[in-house]
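Peer 1: My questions concern the predicted model and sequence given below.
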Amino acid sequence: MANTDGMLNMTPWIYAIEGEMALWVQETFKADWLTAFMTHFYVVGFMVICYVSIFYFAYFDDRYMADRISLTIFWVYILAIPFYLFFNVHVTGNYIPGMETLAYNHTPEINDWFHRIDPLTNGMPSLHIGFPFAVWLCLLRFDTDGRWTVYRRIIFAFVLLTAFCILYLGIHWFMDIIGGMVVAAIAVSVANKMADPFWKIFDERTINARLVTLLTNPKRAMNVIKSSASKQFNRFTKPTSKETGAMLAVVIIVVASVITWDLTHQSIPAGGVDAPVGVEAADGWLITLDDREESALVIVHDLSDLDSEIDVIQPILDSNSTYDVRGDMLAMANSTTLMIVDLANPNLAKTTIDVNNPTDVEIVTDDCVAVLENGAVSYWSFEGMEKIGPNAEQGDSVILFESFDGQVALVFESEPSVVNLGIIDAAGLISIEVNATADPNEDEILRDAELNVDVENATITDISLSKTMLAATVDVNATSRLVLLNTISGDSQIISDHKFAAYDPHIGYGVLMFSAYTEINPLEAAEEYSDREIYIHDLETNLTKPLTADGLDQWAPVVLEEHYVYQQMDSDGDVSVEVQQKEPTLQPYSSNILKFGVMLVITLAFINIMQRQKESNFNHHDSELAS
């Protein structure tokens, strides 16, 4: 699972430099016909320029130009990767107030395509500029006889049109264009230096000759390999600046690769968990209900040490048991007993309370726990004294219950699309209907798939509550939509894709996490799109981005102050509880490699500089003698 969430966000810096220049471009030229044209040009033109610029020259047998352009495009990609991994830049349409992502929202189909392949944070540098500009530079630099002058002019016009296109559509900043041009210029220079030695090895004609020699005369082939290896070894036993430069490049690439792997694979599985059926986390604690065949066991981890388990007294549990954690207090319930344990003293039950098949347990405040059983909620102090709190009226029943710092949210069976808000020690409730009405175009796509969208009979299936916000998944028959509701103003919006089913909302610390599919019917989708992914919605910026993007099934996310937690099923069907820090940290092995690599880079760089100075003096002295 690769992820770069938490890397340096350069967007505020770029916005501070250029302000709303891109917004001016969009507002000045905005027209429906132009949006349609530019959207298709943006999608198709990029792919055309990549393929044509390689095969066009190969078709006309200009091997010299084809070799350099293909190498240049390769290096454009390589040079852009570090920016995409570690220096995120959001698209202008999602950041500049009043600006729209015209291309992404042109049609639902295009919107789905973009969100599936683009995290919307890979703005710098713009490869839509980098690729064609690199091709233009190659033609400018290597077309010595002018045979490609007309094509070079066409490419230049393409670059200008693309620059306008990506600004107008609300995708890139002016700085992204500059970044693409700089990357292109560097790529052309590197490709020019590498072209001769690279194609000397990888030219298909020489490869074929070597293959024939290996098959027909293996002894000679081995002698050639040994001789070549010996020459290379001898070069490095008495290295010049060229050899130390090569060693410096290898060290940098190896260290960068190790660090990149570590920073893009930050999730760590909790130890001692074999078959998790549920997870709760709060205030530095990770609580997992692990299915042990005949019974279930609550496993407690301190988030600072995921390899060590904490033994906790607990009732006999099964996979349907319910539990919750808040601060150092842990509440667990089987069909007959609710047990409250202080994790500071985990071997002693603080309180036990008789219950009757509870379906949910919530620690509501620092001294109150709520139990949902038989459609009613009962409230208890940690000393076992019953308290008053919001509940369903007689003849009705509670189907969902959630709490936050003394606030409670309830959904009643009589009104399954309404959330009722209240507070502990009071019986009054405020009712708010959750609206899951979506874009008509999105509903039409669901109906075309022979799915019935029934908003009038919508049912809330899950809720999560914070101080002023409530997140709810709403079943509208055709799909399940995630709605974010401001409990103060009553304003709401659908956060998830209107067509794809969303589940497991969890809100806290300014973030809403949820799991969702990326297909209307996951059972009929390709294998890589049949799983659930975890998404993060930033409440301040109102932006949603994927935390995971792979072929593994992930669900039940929990957001903590410093961590993200979720469950995951690997390709073998094994389920684990994954814990990922919000701020990326290096593992000890990669940290040590980085330290050693830095020292080695400094040493090699010093030697290389010294060698270059000496070699420069020798060359200067030789030229004076020759004159």
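Peer 2: Yep, that arrived. Numbering: from 1, shown residues only.
Peer 1: Let me see the ranges of the helices in the stretch 401-550 of the chain.
Peer 2: All helices of the stretch 401-550 of the chain, identified by DSSP state H, counting those that start in this stretch, fall at 440-448.
Peer 1: what's the answer for the stretch 51-200 of the chain, then?
Peer 2: For the stretch 51-200 of the chain, the helices defined by DSSP H, counting those that start in this stretch occupy 63-86, 108-117, 127-142, 149-168, 174-202.
Peer 1: Can you lay out these as a markdown table showing mean pLDDT, distance to residue 102 and mean neighbour count?
Peer 2: (C-beta placed from N, C-alpha, C; glycine too.) Compiled in a markdown table, those are given as follows (pLDDT from 0 to 100; distance: least, Cβ to Cβ, whole Å; neighbours: other Cβ atoms under 10 Å):
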| stretch | mean pLDDT | distance to residue 102 | mean neighbour count |
| --- | --- | --- | --- |
| helix 63-86 | 82 | 23 | 18 |
| helix 108-117 | 63 | 10 | 15 |
| helix 127-142 | 88 | 15 | 23 |
| helix 149-168 | 89 | 7 | 18 |
| helix 174-202 | 83 | 16 | 18 |
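Peer 1: right, and the ones you listed - which one's nearest residue 304?
Peer 2: Closest approach to residue 304 among the helices of the stretch 51-200 of the chain is made by helix 63-86 (25.6 Å; Cβ to Cβ).
Peer 1: For the closest one, which helices and strands make contact with it?
Peer 2: Here helix 63-86 touches helix 32-59, helix 127-142, helix 174-202, helix 241-263, going by 3 or more Cβ pairs under 8 Å, 6 or more residues apart in numbering; DSSP states H and E.
Peer 1: redo that, cut-off 6 Å
Peer 2: With contacts defined as 3 or more Cβ pairs under 6 Å, 6 or more residues apart in numbering; DSSP states H and E, helix 63-86 has these neighbours: helix 32-59, helix 127-142, helix 174-202.
Peer 1: quick one: the residue most central in space within the chain from residue 580, how far?
Peer 2: The centre of the chain sits closest to residue 547, judged by Cα atoms, centre = their mean, with a distance of 3.6 Å. The spacing between residue 547 and residue 580, counted by Cβ to Cβ, to the nearest Å, is 8 Å.
Peer 1: just residue 482 next, same as before
Peer 2: 21 Å.
Peer 1: and if you look at residue 446?
Peer 2: 33 Å.
Peer 1: And for residue 574?
Peer 2: 18 Å.
Peer 1: out of those two, which sits in the more crowded spot?
Peer 2: Comparing residue 574 with residue 580 by neighbour count (other Cβ atoms under 10 Å), the higher total belongs to residue 580, at 20 against 11.
Peer 1: I'd assumed residue 565 was in contact with that one.
Peer 2: No - contact criterion Cβ atoms under 6 Å: residue 580 and residue 565 do not qualify, at 7.7 Å.
Peer 1: Could you list the low-pLDDT ranges of the protein?
Peer 2: By pLDDT under 70, the low-scoring segments of the chain are 1-8, 105-122, 200-210, 262-274, 525-526, 528, 584-587, 617-627.
Peer 1: quick revisit: of all the helices of the stretch 51-200 of the chain, which lies closest to residue 524?
Peer 2: Closest among those, using Cβ to Cβ: helix 108-117, at 15.3 Å.
Peer 1: any chance you could map the strands in the stretch 401-550 of the chain?
Peer 2: Remark: strands assigned in the stretch 401-550 of the chain by DSSP state E, counting those that start in this stretch are 407-412, 415-423, 430-433, 459-465, 469-475, 480-486, 492-494, 502-508, 511-516, 533-538, 543-546.
Peer 1: And the longest one, what does it pack against?
Peer 2: Secondary-structure packing of strand 415-423 (3+ Cβ pairs under 6 Å, 6+ apart): strand 407-412, strand 430-433.
Peer 1: Return the most buried member of these.
Peer 2: A comparison of the helices and strands packed on strand 415-423 by mean neighbour count, using mean count of other Cβ atoms under 10 Å, puts strand 407-412 on top with a mean of 23.
Peer 1: so it versus strand 459-465, what angle?
Peer 2: 170 degrees (axes from the mean of the first three to the mean of the last three Cα atoms, to 10 degrees).
Peer 1: top helix in this protein by residue count?
Peer 2: Assignment by DSSP state H gives helix 588-626 as the longest helix of the chain.
Peer 1: quick one: contacts for residue 387?
Peer 2: Counting by Cβ atoms under 6 Å, 6 or more residues apart in numbering, residue 387 touches 379, 381.
Peer 1: quick one: contacts of stretch 166-182?
Peer 2: Identification of contacts with stretch 166-182 by Cβ under 6 Å, 6+ apart yields 14, 18, 21-22, 25-26, 29, 38, 91-93, 99-103, 123-126, 128-130, 133, 163.
Peer 1: Show me how to select, in PyMOL, the buried members of those residues.
Peer 2: A single PyMOL command selects the buried members of the contacts of stretch 166-182 (16 or more other Cβ atoms under 10 Å):
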select buried, resi 14+22+25+26+38+91+92+93+99+100+101+102+103+123+124+125+126+128+129+130+133+163
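Peer 1: Pop out the phi and psi values for residue 336.
Peer 2: When read as degrees, to the nearest 10, the backbone of residue 336 gives phi -130, psi -20.
Peer 1: Just give the number of residues close to it.
Peer 2: Residues within reach of residue 336, counting by other Cβ under 10 Å, total 12.
Peer 1: Isn't residue 534 up against residue 545?
Peer 2: No - contact between residue 534 and residue 545 fails when scored by Cβ under 6 Å: they sit 10.3 Å apart.
Peer 1: of these two, who's got more company?
Peer 2: Neighbour count, other Cβ under 10 Å: between residue 534 and residue 545, residue 534 has more, with 26 against 18.
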